[in-house]
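J.: Structural data only, the sequence is not supplied:
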């Protein structure tokens, strides 16, 4: 595929999406910031859980609602919420402001169905898996460069909290611009039901679609259970590393994804094969984390990066290919279920970490990842038959 074959709007979206990679710094910084404010892992876990209660209901409601309204407005609200949450973290000096900032920061997940519907309308179907790989390359390249500067340039000249507050200010400025780009720069999608002109709604059964959505849900539960809350405290408490250490392990992950640019385009396997291989590599990474060794932990993120660059584009491609037209409500339902699970996972993972050890948290994530792999089999079987039938026809 030649870059210039893409519409200008698609190219602009890919460029601006790199801001999401930089914005991910907030997700890493928040648990570290809570640790430096002497907030226990249990209390931070409760704050994270509380912030997800209302969102679990709103995600389905808004996902269904934005089937009728422009998804640009939903994405604008998502980025503005993220920007304001980052600004409040930069100004934070107490528990209550920390809680409000976390609410605003995490509220962006409510609008995830808008992003899925927006990309379905924007991306040409025949290039979809490649474009999702491009998105990953854009975000992870940005993260790799940013985190290198954070760890080796910015952090040595700033104290722990000062360093993290500087990161929050930069995130606020970029997301403020990013929010208005959906209104002024990026293509306007009239509603969530709009499809790309090349999109064909597959005549699939609900079992296949439910399979890939259940797979996505279980995968996200695995990631959330061993999320940045646990990992940040694990690195700082268990290995006695600095507040910039969470950025370092994410830098290793991002670099491995960015370097996939040199080999990913040579991979010609079908989406369902990439899904299986990627899921297996992610599962293997969780099992490697059970080994209490800092070098194994950091190096294993190379494997995680390779798994992600295969898994995520394949998962999104399969999902959109077999989804019904009313994707928003179903994405909203499963994202709401995912957020509902997050009400409990921060507290549960924090409790398991304190009572049984961090290694047990990673073991539980590997179990969820294994169930996700099994859940994807009906969707993978259907997409394989669909591809074969299309080739015959």
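T.: Alright, I've got the coordinates. The model shown is predicted, which means the values in this text are computed figures rather than measured ones. Numbers count the residues shown, from 1 in each chain.

J.: ok now do residue 271, which residues does it touch?
T.: Neighbour list for residue 271: 129, 313-314, 317-318, 383 [criterion: Cβ atoms under 8 Å, 6 or more residues apart in numbering]. For every residue, glycine as well, the C-beta is placed using N, CA and C.

J.: of all these, which two lie farthest apart?
T.: Of all pairs drawn from these, the one with the largest separation by Cβ to Cβ is 313 and 383; the distance is 13.6 Å.

J.: For the residue nearest to residue 87 when sequence neighbours are not counted, the count of nearby residues, please.
T.: Distances taken as Cβ to Cβ, 6 or more residues apart in numbering place residue 172 nearest to residue 87, at 4.3 Å, with adjacent residues excluded. Taking other Cβ atoms under 10 Å as the criterion, the count of residues near residue 172 is 21.

J.: how about residue 172, secondary structure?
T.: When the structure is split into helix, strand and coil by DSSP: H, G, I helix; E, B strand; the rest coil, residue 172 lands in helix.

J.: right, and it touches residue 91 too?
T.: No: counting by Cβ atoms under 8 Å, residue 91 is not a contact partner of residue 172; they are 10.0 Å apart.

J.: What's the local residue count around the residue nearest to residue 255 when sequence neighbours are not counted?
T.: Leaving aside its sequence neighbours, residue 255 sits nearest to residue 144 (Cβ to Cβ, 6+ apart; 4.4 Å). The number of residues packed around residue 144, counting by other Cβ under 10 Å, is 22.

J.: Scan the contacts of residue 271 and report the most crowded one.
T.: Top of the contacts of residue 271 by neighbour count (other Cβ under 10 Å): residue 318, with 29 neighbours.

J.: Sticking with that residue, tell me its helix or strand.
T.: Under the criterion of DSSP states H and E, residue 318 resides in helix 294-322.

J.: distance between the helix or strand that that helix is followed by and the chain's centre?
T.: Counting by DSSP H and E, the next helix or strand C-terminal to helix 294-322 is helix 327-355. In terms of Cα atoms, centre = their mean, to the nearest Å, the gap separating the centre of helix 327-355 from the centre of its chain is 13 Å.

J.: which helices and strands sit right next to helix 327-355?
T.: Taking 3 or more Cβ pairs under 8 Å, 6 or more residues apart in numbering; DSSP states H and E as the contact definition, the neighbouring helices and strands of helix 327-355 are helix 41-65, helix 112-122, helix 206-225, helix 228-233, helix 358-375.

J.: Report the buried residues of it.
T.: Neighbour-count burial for helix 327-355 flags 327-343, 345-350, 352-353 (criterion: 16 or more other Cβ atoms under 10 Å).

J.: Could you dump the helices and strands packed on helix 327-355 into a markdown table and include mean neighbour count, mean pLDDT and distance to residue 26?
T.: Putting the helices and strands packed on helix 327-355 into a markdown table (neighbours: other Cβ atoms under 10 Å; pLDDT from 0 to 100; distance: least, Cβ to Cβ, whole Å) gives the following:
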| stretch | mean neighbour count | mean pLDDT | distance to residue 26 |
| --- | --- | --- | --- |
| helix 41-65 | 20 | 68 | 13 |
| helix 112-122 | 24 | 84 | 16 |
| helix 206-225 | 21 | 88 | 16 |
| helix 228-233 | 24 | 79 | 10 |
| helix 358-375 | 20 | 94 | 22 |
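
J.: Between the ones you listed, which one is closest to residue 186.
T.: Across the helices and strands packed on helix 327-355, the minimum distance to residue 186, taken as Cβ to Cβ, is reached by helix 112-122, at 8.7 Å.

J.: picking up where we left off before, buried stuff in the helix holding residue 318?
T.: Of the residues in helix 294-322, those buried under the neighbour-count criterion (16+ other Cβ under 10 Å) are 297-298, 300-322.

J.: Does anything pack onto the strand or helix carrying residue 253? Which helices or strands?
T.: Under the criterion of DSSP H and E, residue 253 resides in helix 245-258. Packing partners of helix 245-258 (3+ Cβ pairs under 8 Å, 6+ apart): helix 25-36, helix 128-149, helix 228-233, helix 294-322.

J.: Now do the SS call for residue 193.
T.: Here residue 193 is coil, with the state taken from three-state DSSP.

J.: so what pLDDT did it get?
T.: Taken from the predicted model, the pLDDT recorded for residue 193 is 72.

J.: going forward can the numbers begin at 847, since that is how I track them
T.: That works, and once the first residue is 847, the last one we named lands at residue 1039.

J.: count of residues packed around it?
T.: Residue 1039 sits with 16 neighbouring residues when counted by other Cβ under 10 Å.

J.: Now do the same for the closest residue to it other than its chain neighbours: helix, strand or coil?
T.: Ranked by Cβ to Cβ, 6+ apart and with sequence neighbours excluded, the top spatial neighbour of residue 1039 is residue 913, at 5.2 Å. Look at residue 913: counting by three-state DSSP, its state is coil.

J.: you'd agree residue 913 is up against residue 966?
T.: No: the pair residue 913 and residue 966 does not pass the contact test of Cβ under 8 Å, sitting 11.5 Å apart.

J.: re the thing from before, tell me the contacts of the residue nearest to residue 933?
T.: The contact partners of residue 1018, taken as Cβ under 8 Å, 6+ apart, are 929-930, 932-933, 936.

J.: With residue 1135 instead?
T.: Counted by Cβ under 8 Å, 6+ apart, residue 1135 has contacts 1072, 1142-1143, 1146, 1205, 1208, 1211.

J.: ok, now residue 1202?
T.: Contacts for residue 1202 (Cβ under 8 Å, 6+ apart) come out as none.

J.: can I assume residue 1081 is in contact with residue 1096?
T.: No: Residue 1081 sits out of contact with residue 1096 when judged by Cβ under 8 Å, with a separation of 10.8 Å.
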